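**Q** 3D model of this:
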Amino acid sequence: MMLADRLNAGFAAAYAAAPAITVRAPGRVNLIGEHTDYNDGFAMPIAIGQETQVAFTPQVGAPLQVAALDFADSDAFDPAAPDRATAGDWRNYVRGVVDELVRAGVSVPGGQMAIAGSIARGTGLSSSASLEVAVARSLLQAAGLDWRAIDIALLGQRAECDFVGVRCGNLDQIASACTQAGHALLIDCRSLDLRQIAMPDDARVMIVQSGVVRGLLDGEYNTRRRECEAAAAIMGVAALRDADAAMLAAARGRMDDVTHARARHVISDNRLTLEAAEALAAGDLVTAGVLMRESHRTQAQDFGITVPATDRLADILNAAIGPQGGARQTGGGFGGAVVGLMRADQVDTVREAVLASYRTPAGEAPMISIEAPCHGAQVLA
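**A** Numbers count the residues shown, from 1 in each chain. As a prediction, the model looks like this:
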């Protein structure tokens, strides 16, 4: 069943009615620039076809009822005063968005909401950011407010940081809210300057799931952020965006090995991202591939966020792609997916190589998707 059909059927089953508003927000895959966003640096994602859809009928003065179709679960709360649910609960992502809207002065209506998605959780494709952006967009639409996409993205980030408890950067929400079809998005995570970069016509993006499900809240994501902040403080800069290799070398004697390695990855990935953006804009998949491979290496050796399964997958993809592109782990790390950039005529060969050489920890063939850059969040009805 198509996602829209599943959403409408679920809404009808929960509320015996049709929704007044339907919104979509895509997931994302990050081509390059990992853990750079909360360091005020640079990243370059695309939005993908996997997405979250939200159906909503507002009812002023009523509780906000939420049917989470993917969980076969529900929630109901006062939209004027949302409180926290159990840590790690899906409800906190919805309640966190409502809380931030209330803090921003929005009179959030109650009513009936249903949520469904096609993004597998824990796969590194930003199901949480997609959910946050879709919920915010639907509630703003109901309130008759037309916020800028970047402001919706930043609200979603605040919800995840302050309410859910994952101290994420702004990459994922900006990718879900602000991307354009057919383009990668170079994000300056400090200034919020956004550069839409047309993808070459012959380029294709392949996402391969490792089968290792990651969890940011109970993993080491917040630890990596603290380590980066410590490195920046030692070098006397506001964020690692402001440091370079020479500054890091000068501070080497004042850092332990782990802190030094974390900073080295971020400084390197900021540079690689800017170079990759220029290569992609010029249609140079060879250079972009070299930069992606180097980014995977520093994620593994310096930042410590790859796992044996994603290292194995990156090796398989890079061998099959050859010099006409590259592959790397994508997302927050500790599992999830590997992204490959290649020519269109290589897709079948690369897919066959992956299926012949890799099985998930459960012994299954990996999920593989070929993605074209999609548009950011939209009101569908």
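
**Q** mind checking how far the most far-flung residue of the chain relative to its centre is from residue 234?
**A** Going by Cα atoms, centre = their mean, the residue of the chain most distant from its centre is residue 253, 35.0 Å out. Separation of residue 253 from residue 234 (Cβ to Cβ, to the nearest Å): 10 Å. From N, CA and C alone the C-beta is placed, and that goes for glycine too.

**Q** what's the answer for residue 151, then?
**A** For residue 151, the distance to residue 234 - Cβ to Cβ - is 34 Å.

**Q** Confirm for me that residue 350 is in contact with residue 338.
**A** No: Residue 350 is not in contact with residue 338 according to Cβ atoms under 8 Å; the separation is 11.3 Å.

**Q** Between the two, point out the one with more neighbours.
**A** More crowded of residue 350 and residue 338, by other Cβ atoms under 10 Å: residue 338, with 31 against 26.

**Q** Is that one within a helix or a strand, and which one?
**A** Assigned by DSSP states H and E, residue 338 belongs to strand 337-343.

**Q** Which SSE is immediately downstream of that strand?
**A** Immediately after strand 337-343, counting by DSSP H and E, sits helix 347-357.

**Q** buried stuff in that next one?
**A** Judged by neighbour count using 16 or more other Cβ atoms under 10 Å, the buried positions of helix 347-357 are 347, 350, 351, 353, 354.

**Q** is it possible to export those to a markdown table including pLDDT and distance to residue 249?
**A** Converted to a markdown table, the buried residues of helix 347-357 look like this (pLDDT from 0 to 100; distance: Cβ to Cβ, whole Å):
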| residue | pLDDT | distance to residue 249 |
| --- | --- | --- |
| 347 | 98 | 42 |
| 350 | 98 | 38 |
| 351 | 98 | 42 |
| 353 | 98 | 39 |
| 354 | 98 | 39 |
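
**Q** Tell me the one of those nearest residue 13?
**A** Residue 13 has its nearest neighbour among those in residue 351, at 37.0 Å by Cβ to Cβ.

**Q** what sits against that closest one?
**A** Counting by Cβ atoms under 8 Å, 6 or more residues apart in numbering, residue 351 makes contact with 206, 368.

**Q** One more pass at 6 Å, please.
**A** Applying Cβ atoms under 6 Å, 6 or more residues apart in numbering, we find residue 351 in contact with residue 368.

**Q** quick one, phi psi at the residue farthest from the centre of the chain?
**A** With angles defined as degrees, to the nearest 10, residue 253 shows backbone torsions of phi -70, psi -10.

**Q** quick one: what helix or strand has the closest residue to residue 163 other than its chain neighbours in it?
**A** Setting aside the residues directly before and after it, residue 163 is nearest to residue 96 in space (Cβ to Cβ, 6 or more residues apart in numbering), at 3.0 Å. Using DSSP H and E, residue 96 falls within helix 91-103.

**Q** and for the next helix or strand after that helix, what are the contacting residues?
**A** Reading on from helix 91-103 to the C-terminus, the next helix or strand found by DSSP H and E is strand 110-117. With contacts defined as Cβ under 6 Å, 6+ apart, strand 110-117 is touched by 6-7, 10-11, 14-15, 52-59, 62-70, 79.

**Q** Show me those residues that map onto helices.
**A** Under the assignment DSSP state H, the contacts of strand 110-117 contribute 6, 7, 10, 11, 14, 15 to helices.

**Q** that older thread, counting contacts, what elements does the helix holding residue 96 pack onto?
**A** helix 127-142 (3 or more Cβ pairs under 6 Å, 6 or more residues apart in numbering; DSSP states H and E).

**Q** quick one: contacts of the helix it packs on?
**A** Outside helix 127-142, the residues within contact range by Cβ under 6 Å, 6+ apart are 21, 23, 25, 27, 52, 54, 56, 58, 93-94, 97, 108-109, 119, 121, 147, 152, 155-156, 159, 172-173, 176-177, 377, 379.

**Q** and after the longest helix seen in the chain, which helix or strand comes next?
**A** As assigned by DSSP H, the longest helix anywhere in the chain is helix 257-281. Heading C-terminal from helix 257-281, the first helix or strand you meet, by DSSP H and E, is helix 285-298.
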